[in-house]
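Engineer: for reference, the sequence and a predicted model appear below.
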Number of protein chains: 2
Amino acid sequence: MLTGKNLIAGEWRDGNASFEAVDAASGEPLAPEFAEATKQDVADACSAAAEAQNKFGALSQAERAKFLRLAADKIDALGEALTERAMSESGLPQARLTGERGRTVGQLRLFADEVEEGAWQSLRIDHADPERTPPKPDLRLRKIPLGPVAVFGASNFPLAFSVAGGDTASALAAGCCVVVKGHPAHPGTSEMVAGAISEAVSECGLPAGVFSMLSGTGYDLGEALVKDPHIAAVGFTGSRSGGLALIEHAANREVPIPVYAEMSSINPVVLMPARLQEGAKDLAAAYVASLSLGAGQFCTNPGLVFCVDGDAASQFVEATRDALPDVAGQTMLTKGIQSAYSKGIAALGRLTGVELVGVGAEGSSACGQAHVYTVTGEDFRKDKGFQEEFFGPSSIIVRCADLDEVANILASLEGQLTATLHMSEADHTEAAKLVPVLEQIAGRIIANSWPTGVDVTHAMVHGGPFPATSDGRSTSVGTLAIERFLRPVSYQDMPESLLPTPLKNDNPGCLIRVNGKHRV
Amino acid sequence: MLTGKNLIAGEWRDGNASFEAVDAASGEPLAPEFAEATKQDVADACSAAAEAQNKFGALSQAERAKFLRLAADKIDALGEALTERAMSESGLPQARLTGERGRTVGQLRLFADEVEEGAWQSLRIDHADPERTPPKPDLRLRKIPLGPVAVFGASNFPLAFSVAGGDTASALAAGCCVVVKGHPAHPGTSEMVAGAISEAVSECGLPAGVFSMLSGTGYDLGEALVKDPHIAAVGFTGSRSGGLALIEHAANREVPIPVYAEMSSINPVVLMPARLQEGAKDLAAAYVASLSLGAGQFCTNPGLVFCVDGDAASQFVEATRDALPDVAGQTMLTKGIQSAYSKGIAALGRLTGVELVGVGAEGSSACGQAHVYTVTGEDFRKDKGFQEEFFGPSSIIVRCADLDEVANILASLEGQLTATLHMSEADHTEAAKLVPVLEQIAGRIIANSWPTGVDVTHAMVHGGPFPATSDGRSTSVGTLAIERFLRPVSYQDMPESLLPTPLKNDNPGCLIRVNGKHRV
């Protein structure tokens, strides 16, 4: 059923060179072979996107919403076949991927609702005042799509952060055509999802250039995509080095473009003293479950846990040690990630002052074995190596002298996607002092749960200061993500007949700001 | 009265090296000498800003608004002394600078109102749903200040785009401390305004680091400022080369930061056929007035006028020729700008196909003499040199074969701050085809007036695609400018007592989105 071809504006195109999909658990190749997208494929996909852009960007809200919903339905219709292919390619378990499929289509439908809701247009009208000196013109503002967006699929969420993931959903919702670079770790999954979107494009009567998907294994494919002059913005989730390379390509273009790269986060968690005193064992059990979830291959994996040293901290460390052997080895997404994890652990184990708390069960050679370490705050501060992110089920417990040391270390951390406080009411006074520190370093502050788990909703921020993302002014999850792909335009003294529909005098029935006053 | 010193967090500090202010009209030095800010001054100002940031960022909306209003009052209180100093340093006429002072304080007061209005916080609440699988957490979102902002004063608006200009006003409104690099073309004006802001900081009991102002003539001062690790964003209005240099410094930092640079725009104007037929003479008179306003030293100067060739076009060119001799030579801002203008004109005059329509009166050697050229669409398309921006009262009339050629040329232009259509009702059908083209290249589309004149209001966009600005997703004029200096943070399951005030359950009385529904 799979063709192994690239999708260029509705056309499935074969190539000369090819690469193999790999079964993550067995390491065996999976049929068929996949064509490596060429520079010509990139140029053609981007040209088609540019040609389609004006028409797609000018769709009514209802038309764009209809398209997003149809794309969701088409992905739903792929059913278990999609889940199974994704399981083989990623090694992730069925329940996880079934959930991820639901999240992916739910995301598209949420953005369909968001497009219809309309507030994303940031509509503003300031009426003219001919009596003012100088006369005040009539000014009206709305946001329009930036233009075609290049989206890079991530390996760790073969559905929800990939071909039809959050970046694609928010870019399409904003009215931007999309060219996806599919991740070579799951090319079959990518092809199936791309086919579903392409069918929705065609059935809605949209120009085929609205959506293309290119697969390949070389860095030059991504480089060509980011450098294509038709591309107006980039969405990326992946490694820090990969993100930084794309940012550099984007900055060195004749016309530089924004890159929304989600890169590196180790997600500090603070166990406040009273809470730790109350429940060191429960916290340890939940901690071990969170750090090993999905073989630790989450951007929000709790990589650092801070506590004030003492009996309760020792109890937490002991309980963690006791819980670890029950963590089964889990297949990692790719051989490359597995080997980077092994190297990362080895490097961590060599840092001064680090002690191994315990390890999980070993599993096959494709698996990641859980590892937890401990270090004092003093030693942690001496070596930036403790802050290196590498994917997998490992974490470090940092035992500090007091909460001041915790606060100082937190303030010195690089930007993070999340920061978490576990606390009892007795901790609130001290926790209140930490909140402003956490606001400075993270995009999301979590109380009394674990950072793995990112709700797709209106008030979610999955973002944060560099290097968590390349642009802390945004989020890649939740409806606020649509803002990334828009820019404002204002219209001065424009005749009613030439105004875009949402700015005409009969208000479109969504949030609008008229002469400074918001009305719904 | 002037000290010639730099303002570092409330302290007026002298230096070793110094530079002279110059009377723009006479070229004579103006007392006193001004200290060149040193690297140490930069480091101290930025450290103080970082220290003040948490307190300033956490002010209530009322407190921040009060500070902005007091700053406006203090600048108002400088009165005619400020206007006079600015006149000497810039060569701009009194009426213009009186107006600009009003614009500057009006801008600060508008942002005070905006801070109180509160919608800029983008408040969102999604309530928990423990029944959902998995349970839905309580999520709340607000926007917080990015951190200390470096603002570069522009030479062409010594008040409204300088020390207390739009970038400073919007950054302070967002809760960001500000370190200004004052433009060396008006150091006395800068010192007076900086003193006024500093008094407001002190009288409001704010930490002195909230505001600093450094003067100097070397590029290394700006470089040091952008590279200082405490700086979180940059606002700049100036030349393309200057803007690009700052962007490069910002991108090469260990932690890259956003740069909002407003750089280069030649502001195309289209005279639609029926309108031109009706009133070629009136259009020519208004055109000549607009292109020579402020000696043409506006970012929104109408540098290109497009029309379809024919009798009406010839009449327009003739009327322009007739109107030009009445344009007096006007003192330009600096000797450097005057000489760049002379060179620009000479280069333009050498391009293939260009013809001189006419010139204005000559004026003194400090003056810019108005120059208007004409060229066919065909020749225009052959040479990118016709798109070079240089400051001054010059403009090019592009005579095209038909409206298709106009549309093709418009679509090929670089990003612009503005694009203008002069049209009669009989032109609306054809104009409707041009609007989508103009939306792609410009931040503001103007009907039936001239681009000089930028209203400070809610629906203004003074921005546009590269190279008009480095970040087309924003505006540097109007209340939407506050968005540039904010980033979202979300709070998950946070106890009520630890939530920031605007997100607590008793709604703050401003726009908020609760479970997806906006309410005012």
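Structural biologist: That came in fine, so what should we check first?
Engineer: which strands and helices lie in contact with the helix or strand containing A:Leu421?
Structural biologist: Assigned by DSSP states H and E, A:Leu421 belongs to strand A:416-422. With contacts taken as 3 or more CB pairs under 8 Å, 6 or more residues apart in numbering or on different chains; DSSP states H and E, strand A:416-422 sits against strand A:268-271, helix A:273-292, helix A:428-441, strand A:442-447. Bear in mind the C-beta positions are built from the backbone N, C-alpha and C, glycine included.
Engineer: out of the ones you listed, which is closest to chain B?
Structural biologist: Among the helices and strands packed on strand A:416-422, strand A:442-447 comes nearest to chain B, with 4.3 Å by CB to the nearest CB.
Engineer: okay, the closest one in CSV with CA atoms only?
Structural biologist: The C-alpha trace of strand A:442-447 is given here as CSV (Å, rounded to 0.1, in the frame of the first residue of the first chain):
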residue,chain,number,x,y,z
ALA,A,442,10.6,28.6,31.8
GLY,A,443,7.5,28.7,29.5
ARG,A,444,5.3,26.7,31.9
ILE,A,445,5.3,26.4,35.7
ILE,A,446,3.7,23.3,37.1
ALA,A,447,2.5,22.7,40.6
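Engineer: using JSON lines, lay out the helices and strands packed on strand A:416-422 together with mean pLDDT and distance to chain B.
Structural biologist: Below are the helices and strands packed on strand A:416-422 laid out as JSON lines (pLDDT from 0 to 100; distance: least, CB to the nearest CB, whole Å):
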{"stretch": "strand A:268-271", "mean pLDDT": "98", "distance to chain B": "13"}
{"stretch": "helix A:273-292", "mean pLDDT": "97", "distance to chain B": "12"}
{"stretch": "helix A:428-441", "mean pLDDT": "97", "distance to chain B": "5"}
{"stretch": "strand A:442-447", "mean pLDDT": "98", "distance to chain B": "4"}
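Engineer: and the top helix by length along chain A, how far from the chain's centre?
Structural biologist: The longest helix of chain A (DSSP state H) is helix A:61-90. Helix A:61-90 sits 18 Å away from the centroid of its parent chain (CA atoms, centre = their mean, to the nearest Å).
Engineer: who in the stretch 301-450 of chain A is up against chain B?
Structural biologist: A:415, A:425, A:428, A:431-432, A:435-436, A:439-440, A:442-449 (CB under 8 Å from any CB of the partner chain).
Engineer: among the residues you listed, the buried ones, what's the PyMOL command?
Structural biologist: The PyMOL selection below is limited to those of those classed as buried (16 or more other CB atoms under 10 Å in any protein chain shown):
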select buried, chain A and resi 415+431+435+436+439+440+442+443+444+445+446+447+448
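Engineer: next one: the residue sitting furthest away from the middle of chain A from chain B, what distance?
Structural biologist: Taking CA atoms, centre = their mean as the measure, the residue most remote from the mean C-alpha position of chain A is A:Glu131, 50.7 Å away. Going from A:Glu131 to chain B by CB to the nearest CB, to the nearest Å gives 15 Å.
Engineer: is stretch A:29-47 in proximity to chain B?
Structural biologist: No: Stretch A:29-47 lies out of reach of chain B by CB under 8 Å from any CB, never closer than 14.6 Å.
Engineer: what distance separates the start and the end of that stretch?
Structural biologist: Chord length of stretch A:29-47, first to last residue, is 34 Å (CA to CA, to the nearest Å).
Engineer: and the average pLDDT for it is what?
Structural biologist: When pLDDT is averaged over stretch A:29-47, the result is 97.
Engineer: let me see the contact set for A:Glu318.
Structural biologist: A:Glu318 makes contacts with A:Ala284, as judged by CB atoms under 8 Å, 6 or more residues apart in numbering or on different chains.
Engineer: 10 Å - rerun?
Structural biologist: A:280-281, A:284, A:357-358 (CB atoms under 10 Å, 6 or more residues apart in numbering or on different chains).
Engineer: what does A:Ala71 give?
Structural biologist: A:104-105, A:108-109, A:111-112, A:164, A:168-169, A:172, A:193, A:196-201, A:203-204, A:211 are the contacts of A:Ala71 under CB under 10 Å, 6+ apart.
Engineer: contacts with chain B among these, please.
Structural biologist: When contact is defined as CB under 10 Å from any CB of the partner chain, those do not meet chain B at all.
Engineer: list buried residues within the residues you listed.
Structural biologist: For the contacts of A:Ala71, buried by 16+ other CB under 10 Å: A:104-105, A:108-109, A:111-112, A:164, A:168-169, A:172, A:193, A:196-201, A:204, A:211.
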